[in-house]
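Student: Structure for the following, please:
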Amino acid sequence: MSQGIPREFLAIDRKARARAPSLDVSTRSAEERIHDFNDVVIPLTPEEAMLEAARCVQCPDPAPCMEACPVHNDIPTAMWLIEQGEFLEAAKLYRETSSMPEICGRVCPQEQLCQGSCSHLKSRASVMTGPLEAFVADYERKNAGVEIPQGTPTGKQVAIVGAGPAGMGCAEQLVKMGHSVTIFDAKPAPGGLLTYGIPNFKIPKEIVFNRIGDLERAGVKFVPNTYIGKGKKIVDLFADGFQAIFVGVGTLVDAPMEAPGEDLPGVFKATDFLARASLPLELLPPELQARPEIGKRVVVIGGGDTASDCLRTALRLGADEVTCLYRRTLKEMPGGCHDRTMALEEGAHYQFLTQPIRFIAGENGHLEKLECIRMQLGEPDAKGRRRPVPIEGSNFFFEADTAVLALGYWPDPIIGETTPGLQTKNYGLIVTDPETGATSLPGIYAGGDGVTGPSLVVTAMVAGRQSAKAIDEYLKTK
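Tutor: Predicted coordinates for the structure are as follows:
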């Protein structure tokens, strides 16, 4: 880290920097932002970015923020560059280790990663590493443009299945190595979770599509509406002339609740609900090209970030009363506190230790209410969280016009089912070498949520980059 920093700078007054107040992230008021799906964050100005970056105390190597970052961005050096107003150099530094800093700077749970490891936490607010990363990436795009360098053509062709973070990370690295890349995706538009699973108010789709445009200019070909496994199979891609394949299909199959009435009109799955709420209709599959019709009372079942997204989306669609039903307590909720805080500011309510067990229709056949049961916490489960236990006789009814199931995601098993010899586990997760992404079949690699189960955008992107290195080595033997 310190090699590029002038010697005199290393004699900084760390105590003075540690005492400097944080600017904090500025957002539009809740009263304003609930009326649209636009970005809620107010971008930093150059002056604000420089002031915030100057709070970095330049921890000795290895800096805890850098260690906690899944891509190991050189955050201390980036902070120094930003402090000096060298925004383009900072952006260049981030792009050395990250395939999408403009995206990770917005959607990474920094409070659990780099920012959560900042030494400032012992005394004051940590340095806003995420917003600063997004700021310099945006500054670069606006003032200098972004181009992905292309390597000397190798004549080798690689197919990528899935146009989400893992596939995009893999493609960016492969074109730098000179390989020809084609990405197949089942949806009408690329981006995967970034396009179809994260609302516009958290990451504007313009940001995602700009990065996809970078890949297209670098020669990456996107083939939409192509569901590999149905019709065209993995083995067919080899027959089409591809010498290697990367599978980054993610886990976008909504977990079912398996409760009576789950298929009633008025009960939505989270992914469909979020995509239909704000995406341009032409980007949706034909069967989903209509806005979700909700009533005045909406319940969201689940406790993760997707549940928060659904709560905030329902408020923007005009619901009067939006409530999250969660079977554990606030302490056990898996989602980030930042998103929950935003949801509360916007008017959402939370009801804990509550488990819906039945969806009940009204006379018109549409959802009218839910039967729920109160819970209490018992012994820890396999993940260490206390197990929710029903309280006998505590059943009650909760009136609702709309219910959204945000219970997590499962892998799509179709790749494993239609690729003989491909080893899978746990309902379809692909088994790989954790270092290379190599699967049980030669020439086929995989990474991201389709291997690990639901995780982070940044870890999926890292998996794609790692597999690109292994694919490059494999292609050298062909």
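Student: how long is stretch 137-152 end to end?
Tutor: 26 Å (CA to CA, to the nearest Å).
Student: Buried residues of that stretch, list them for me.
Tutor: With burial defined by 16 or more other CB atoms under 10 Å, the residues of stretch 137-152 counted as buried are 137, 138, 139, 140, 141, 146, 148. (C-beta placed from N, C-alpha, C; glycine too.)
Student: On the three-state scheme, the fifth one is what?
Tutor: It stands for residue 141. helix (DSSP: H, G, I helix; E, B strand; the rest coil).
Student: mind checking pLDDT for the closest residue to it other than its chain neighbours?
Tutor: Excluding the flanking residues, the one nearest residue 141 by CB to CB, 6 or more residues apart in numbering is residue 210, at 6.4 Å. For residue 210, the model assigns a pLDDT of 98.
Student: Would you mind writing the CA trace of the helix or strand containing residue 210 as PDB?
Tutor: Per DSSP states H and E: residue 210 is located in helix 205-217. These are the backbone C-alpha positions of helix 205-217, laid out as PDB (Å, rounded to 0.1, in the frame of the first residue of the first chain):
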ATOM      1  CA  LYS A 205     -30.400   0.800 -13.700                       C
ATOM      2  CA  GLU A 206     -28.400   3.400 -15.700                       C
ATOM      3  CA  ILE A 207     -25.400   2.500 -13.600                       C
ATOM      4  CA  VAL A 208     -25.800  -1.200 -14.500                       C
ATOM      5  CA  PHE A 209     -26.500  -0.700 -18.200                       C
ATOM      6  CA  ASN A 210     -23.500   1.600 -18.500                       C
ATOM      7  CA  ARG A 211     -21.200  -1.200 -17.300                       C
ATOM      8  CA  ILE A 212     -22.900  -3.600 -19.600                       C
ATOM      9  CA  GLY A 213     -22.200  -1.100 -22.400                       C
ATOM     10  CA  ASP A 214     -18.500  -1.100 -21.400                       C
ATOM     11  CA  LEU A 215     -18.500  -4.900 -21.900                       C
ATOM     12  CA  GLU A 216     -20.300  -4.600 -25.300                       C
ATOM     13  CA  ARG A 217     -17.800  -2.100 -26.600                       C
END
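Student: center of this structure, which residue is that?
Tutor: By CA atoms, centre = their mean, the chain has its centre lying nearest to residue 457, at 3.9 Å.
Student: That residue: what's it in contact with?
Tutor: For residue 457, the contact set (CB atoms under 8 Å, 6 or more residues apart in numbering) comprises 100, 103, 104, 107, 108, 165, 193, 194.
Student: Residue 26 too?
Tutor: Counting by CB under 8 Å, 6+ apart, the residues that residue 26 touches are 41, 42.
Student: Apply 7 Å and report the result again.
Tutor: Counting by CB atoms under 7 Å, 6 or more residues apart in numbering, residue 26 touches residue 42.
Student: Return the backbone torsion pair for it.
Tutor: Backbone torsions for residue 26, taken as degrees, to the nearest 10, come to phi -90, psi 140.
Student: domain parsing for this structure?
Tutor: What automatic domain parsing lists as the domains of the chain is 2-143, 157-252+410-475, 256-407.
Student: tell me the most buried of those?
Tutor: Mean neighbours per residue, mean count of other CB atoms under 10 Å, is largest over the domains of the chain for domain 157-252+410-475, with a mean of 21.
Student: gap between the two ends of it?
Tutor: 9 Å.
Student: for it, the distance to its chain's centre please.
Tutor: 15 Å (CA atoms, centre = their mean, to the nearest Å).
Student: Please enumerate the helices of the stretch 251-400 of the chain.
Tutor: Along the stretch 251-400 of the chain, the stretches classed as helices by DSSP state H, counting those that start in this stretch are 270-278, 305-316, 337-346.
Student: JSON lines please, covering the ones you listed and showing mean pLDDT and distance to residue 206.
Tutor: Shown next, in JSON lines, are the helices of the stretch 251-400 of the chain (pLDDT from 0 to 100; distance: least, CB to CB, whole Å):
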{"stretch": "helix 270-278", "mean pLDDT": "96", "distance to residue 206": "13"}
{"stretch": "helix 305-316", "mean pLDDT": "97", "distance to residue 206": "18"}
{"stretch": "helix 337-346", "mean pLDDT": "95", "distance to residue 206": "21"}
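Student: low pLDDT regions in the stretch 51-200 of the chain?
Tutor: Applying pLDDT under 70 to the stretch 51-200 of the chain picks out residues 121-124.
Student: need the contact list for residue 76.
Tutor: Contacts for residue 76 (CB under 7 Å, 6+ apart) come out as 1, 56, 58, 59, 63, 66.
Student: now do 8 Å
Tutor: Applying CB under 8 Å, 6+ apart, the residues near residue 76 are 1, 56, 58, 59, 63, 65, 66.
Student: and what of residue 88?
Tutor: Counted by CB under 8 Å, 6+ apart, residue 88 has contacts 136, 139, 140, 143, 144.
Student: Name the nearest residue to the last one, sequence neighbours excluded.
Tutor: If you skip the residues right next to it in sequence, residue 144 has residue 88 as its closest partner in space, 5.7 Å away by CB to CB, 6+ apart.
Student: helix/strand/coil for the one you found?
Tutor: Going by three-state DSSP: residue 88 is helix.
Student: what angle separates the helix holding residue 210 from helix 270-278?
Tutor: Counting by axes from the mean of the first three to the mean of the last three CA atoms, to 10 degrees, helix 205-217 lies at 100 degrees to helix 270-278.
Student: Tell me the helices and strands packed up against helix 205-217.
Tutor: helix 101-107, helix 165-176, helix 193-196, strand 221-223 (3 or more CB pairs under 8 Å, 6 or more residues apart in numbering; DSSP states H and E).
Student: Need the residues that contact the shortest one.
Tutor: Here strand 221-223 makes contact (CB under 8 Å, 6+ apart) with 163, 181, 182, 183, 184, 185, 190, 212, 215, 216.
Student: one more time with 10 Å, if that's ok
Tutor: Residues external to strand 221-223 that are found in contact with it (CB atoms under 10 Å, 6 or more residues apart in numbering): 157, 159-160, 163, 167, 171, 180-185, 189-191, 212, 215-216, 232.
Student: quick one on the thing from earlier: now the helix holding residue 210 against helix 165-176, angle please.
Tutor: 30 degrees.
Student: if we can go back for a sec, and of the helices of the stretch 251-400 of the chain, who's closest to residue 44?
Tutor: helix 337-346 (16.8 Å; CB to CB).
Student: I'd like the distance from that closest one to the chain centre, please.
Tutor: In terms of CA atoms, centre = their mean, the centre of helix 337-346 is found 17 Å from the chain centre.
Student: quick one: it to helix 305-316, angle?
Tutor: 20 degrees.
Student: Among the helices of the stretch 251-400 of the chain, which comes closest to residue 476?
Tutor: Of the helices of the stretch 251-400 of the chain, nearest to residue 476 by CB to CB is helix 270-278, at 39.0 Å.
Student: Can you give the distance of the closest one from its chain's centre?
Tutor: For helix 270-278, the distance to the chain centre is 15 Å (CA atoms, centre = their mean).
Student: Thank you, goodbye.
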